[in-house]
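Asks: here is a sequence together with a model predicted from it:
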Amino acid sequence: AAFHNNHERMVAIVDGLVNVRPDMVFVVDHIGLLPGVISLLAAPPRVISWFYDNPLEILNKDFLAINSIYHIFCWDRSYLPALKRMGFGSVDYQSFATNPEVYRPTAIGGFDYEVSFVGTWSPRRMNLLQALAARGIPIDVFGNELWRQADGPNLRYRGLACNRRDCPRIYA
């Protein structure tokens, strides 16, 4: 369904949880996860969240309300100790995976981009890429419109990259 705003999306998620009563909720990062709502359900489902971004920038004490039913998987093992120190009881490593039919080496002929970055803008990412660019490393950046503010001589915003069409070429 097409939602016109976040309120409509939240109402739909709550309605789904109440009416469907799933045994489990699986989310990527924390998209759509409403810990305050889930903790109020009479029979809350187990919740699994797989993070491909930094969970330390996303998770806060509100998520501890569902700690007994919440399982966190991270793409980087280095986040696990900090998440445990925050009080999350069930955290594990889950690596990235890929479809070798989509993401595979291409014919020899050089690279389209010597150094590239594909991802959503964040202050931390922008600072890191700007620091590399300031050292003379040209970087081609693909992502959301917020990257336009970082555009410069060595940091070139290239727009969005389609996961199936553009990314295999960029990564190869």
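Replies: Structure received. Numbering: from 1, shown residues only.
Asks: longest helix in this protein, please.
Replies: Longest helix of the chain, by residue count under DSSP state H: helix 6-20.
Asks: next structured bit after it?
Replies: Heading C-terminal from helix 6-20, the first helix or strand you meet, by DSSP states H and E, is strand 24-28.
Asks: elements contacting that following strand?
Replies: Under the contact definition 3 or more C-beta pairs under 8 Å, 6 or more residues apart in numbering; DSSP states H and E, strand 24-28 sits against strand 46-51. All C-beta atoms are positioned from the backbone trio N, CA, C, and that covers glycine.
Asks: quick check: mean pLDDT of the strand it packs on?
Replies: Summarised as a single mean, pLDDT over strand 46-51 is 85.
Asks: and that strand, how far out from the chain's middle?
Replies: 12 Å (C-alpha atoms, centre = their mean, to the nearest Å).
Asks: ok now stretch 59-69, how far from the chain's centre?
Replies: On C-alpha atoms, centre = their mean, the centre of stretch 59-69 falls 18 Å from that of its chain.
Asks: give me the contact list for that stretch.
Replies: Applying C-beta atoms under 8 Å, 6 or more residues apart in numbering, the external contacts of stretch 59-69 come out as 30, 33, 35-36, 38-39, 44-47, 70, 72, 83, 86-89.
Asks: rounded mean pLDDT for that stretch, please.
Replies: Stretch 59-69 shows a mean pLDDT of 81.
Asks: can you show me the CA trace of it as CSV?
Replies: Provided in CSV are the C-alpha atoms of stretch 59-69 (Å, rounded to 0.1, in the frame of the first residue of the first chain):
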residue,chain,number,x,y,z
LEU,A,59,19.2,1.8,18.9
ASN,A,60,18.4,3.6,22.1
LYS,A,61,16.9,2.7,25.5
ASP,A,62,13.4,2.5,24.0
PHE,A,63,14.4,-0.8,22.4
LEU,A,64,15.3,-2.3,25.7
ALA,A,65,11.5,-2.5,26.4
ILE,A,66,11.4,-5.5,24.0
ASN,A,67,14.8,-6.9,25.1
SER,A,68,13.3,-10.3,26.2
ILE,A,69,11.9,-10.9,22.7
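Asks: narrow the contacts of stretch 59-69 to just the buried residues.
Replies: Neighbour-count burial (16 or more other C-beta atoms under 10 Å) is assigned, among these, to 30, 33, 35, 38-39, 44-47, 70, 72, 83, 86, 88.
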